[in-house]
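> what's the 3D shape of this:
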Amino acid sequence: MVRKFLYLVAFVIALVIVLAVAYRLNPGPFMRAAMVPTEEFREPQPLRQGYAENAMWIARAGMTGDNPTLWMPRAIDTATRDPAEGPVANPPRVPVEPERGNAAIFFIHPTSYLKRDHWNAPLDDAEANWRALLFVRGMASTMAGAGDVWVPRYQQAAMGAFLTEDTDTANRALNVAYGDVSAAFDQFLADVGPDRPIILAGHSQGALHLTRLLRDKVAGRPIASRIVAAYVVGWPVSVRHDLPRMGLPACEGQESTNCVLGWQTFAEPADPSLILEVYDNSIGFDGQSRRDSAMLCVNPISGTANGTAPRSANLGTVKADDGFADGTLFPGATGARCDGGRGFLLIGEGPEVGPFVLPGNNYHVFDYPLFWANVRADARRRLAAFQAR
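Numbers count the residues shown, from 1 in each chain. The predicted structure is shown next:
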């Protein structure tokens, strides 16, 4: 009996090793099996209330109570502190800028619904809402120095919509999500009035919806002149086939305005094959294949298109504690360079920021936190340049 038990243990260990290796070599099927919804697509019920109601927003100018976009990390000066001294027990908060900007900022959060129950997240799903709150703290907080941040709740497409081979169903789920985002954007414009400068930002699924907003509601319209910058982060944008239809050019320099920033972060050795497989088989906004076209890469440290920056120029990477219930800001954690080929942002070996690095050394979850202080400074700098002009 003992021998049979040992054989069983050995078999289970071997199976786990085989599955782990298979996942590392070809994670797609495993991720699909774990996350693609099992139900037939069903159009969600119409929203019970519109975006004039505060309940439809995670954050919004004038809302009372805790505002997650005003989250700030703690600061530690790694340049002058000897690591042998050990961690700082309770480092001070990063001081808020003496004067916040007057921009109105519309931020679309990334996918936070990981279940297989539905193709679109119910707005009352507690787990998805909790995860979205953490994302808003760690990402949208980079924008808050430039002004008030609006973050809508929306019936986001499930994570499985990005993994399924059923593209028709995936597109139906994404269209539902975009419909909510579009309605929220209309309310945002009504809230902010006709004069305030506007910053647009999003990540991952949120960045995908932002590309459509730019194409549908900004390009060729008077509002385009009010856009300080659009941060389309964590989603591939073809410089040739998407950007011209989005109505704004790439941000070439640190003080460029009326322009678009974007990056997708990988440590090295990088394996972006999962992204390239989908990207190269997709169609751009101009109706042409995106195959082999370069993606938008604006270096978030230098603020320049296709730029390179040393780690000494990184003003601060956030390492989160308890999700983003808390976090510490470490300057000089990593440099970054746009690869000059397909348009990925490469950071060398990559710092230790948490357990959520994706296959291929993809630091997707950390696209904003890795460069938290630089992105915050970037938004303020572009706003100042916009207003000076």
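> what's the helix or strand for Phe135?
helix 126-138 (DSSP states H and E).
> could you give the bridge partners of the residue lying closest to Tyr363 once chain neighbours are set aside?
In this structure, Tyr363 finds its nearest non-sequential neighbour in Thr265, 4.1 Å apart by Cβ to Cβ, 6 or more residues apart in numbering. Using the backbone N, CA and C atoms, a C-beta is placed for each residue, glycine as well. On the basis of DSSP bridges, Thr265 takes part in beta bridges with Leu345.
> and Thr265, what does it touch?
Neighbour list for Thr265: 336, 344-345, 347, 362-364, 366-367, 370 [criterion: Cβ atoms under 8 Å, 6 or more residues apart in numbering].
> and if you look at Ile108?
So Ile108 contacts 151-152, 154, 181, 201-203, 205-207, 209-210 (Cβ under 8 Å, 6+ apart).
> do the same with Asp339
297, 345-346.
> can you put the contacts of Thr265 in a markdown table and add distance to Ile301 and pLDDT?
Formatted as a markdown table, the contacts of Thr265 follow (distance: Cβ to Cβ, whole Å; pLDDT from 0 to 100):
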| residue | distance to Ile301 | pLDDT |
| --- | --- | --- |
| Ala336 | 5 | 98 |
| Phe344 | 15 | 98 |
| Leu345 | 9 | 98 |
| Ile347 | 10 | 98 |
| Asn362 | 19 | 96 |
| Tyr363 | 14 | 96 |
| His364 | 18 | 95 |
| Phe366 | 14 | 95 |
| Asp367 | 13 | 98 |
| Leu370 | 9 | 97 |
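> how much space between Ser256 and Gly303?
To Gly303, Ser256 is 8 Å away according to Cβ to Cβ, to the nearest Å.
> most neighbours, which of the contacts of Asp339?
Cys297 (29 neighbours; other Cβ atoms under 10 Å).
> Ser256 and Gly303 - which one has more neighbours?
Gly303 (23 against 20).
> for the more buried one, what are its contacts?
Counting by Cβ under 8 Å, 6+ apart, the residues that Gly303 touches are 251, 253-254, 261, 374, 378, 381.
> farthest-apart pair in those residues, please.
Greatest spatial distance among the contacts of Gly303 (Cβ to Cβ): Gly253 and Asn374, at 14.7 Å.
> what does stretch 352-366 rub up against?
With Cβ under 8 Å, 6+ apart, stretch 352-366 has contacts from 23-24, 27, 204, 234, 264-275, 317-320, 333, 347, 350, 369-370.
> do the same with stretch 111-119
34-39, 41-42, 44, 120-121, 125, 127-129, 131-132, 135, 156-162, 169, 172-173, 176, 204-205.
> do the same with stretch 375-385
97, 101, 103, 105, 141-147, 197, 199, 228-229, 231, 251, 254-257, 261, 300, 303, 315, 368.
> centre of the chain to that stretch, how far?
18 Å (Cα atoms, centre = their mean, to the nearest Å).
> in that stretch, what's buried?
Using 16 or more other Cβ atoms under 10 Å as the test for burial, stretch 375-385 gives 375-383, 385.
> turn the residues you listed into CSV, columns for secondary structure and distance to Arg240.
What follows is the buried residues of stretch 375-385, written out as CSV (DSSP: H, G, I helix; E, B strand; the rest coil; distance: Cβ to Cβ, whole Å):
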residue, secondary structure, distance to Arg240
Val375, helix, 26
Arg376, helix, 31
Ala377, helix, 30
Asp378, helix, 25
Ala379, helix, 27
Arg380, helix, 31
Arg381, helix, 28
Arg382, helix, 24
Leu383, helix, 29
Ala385, helix, 27
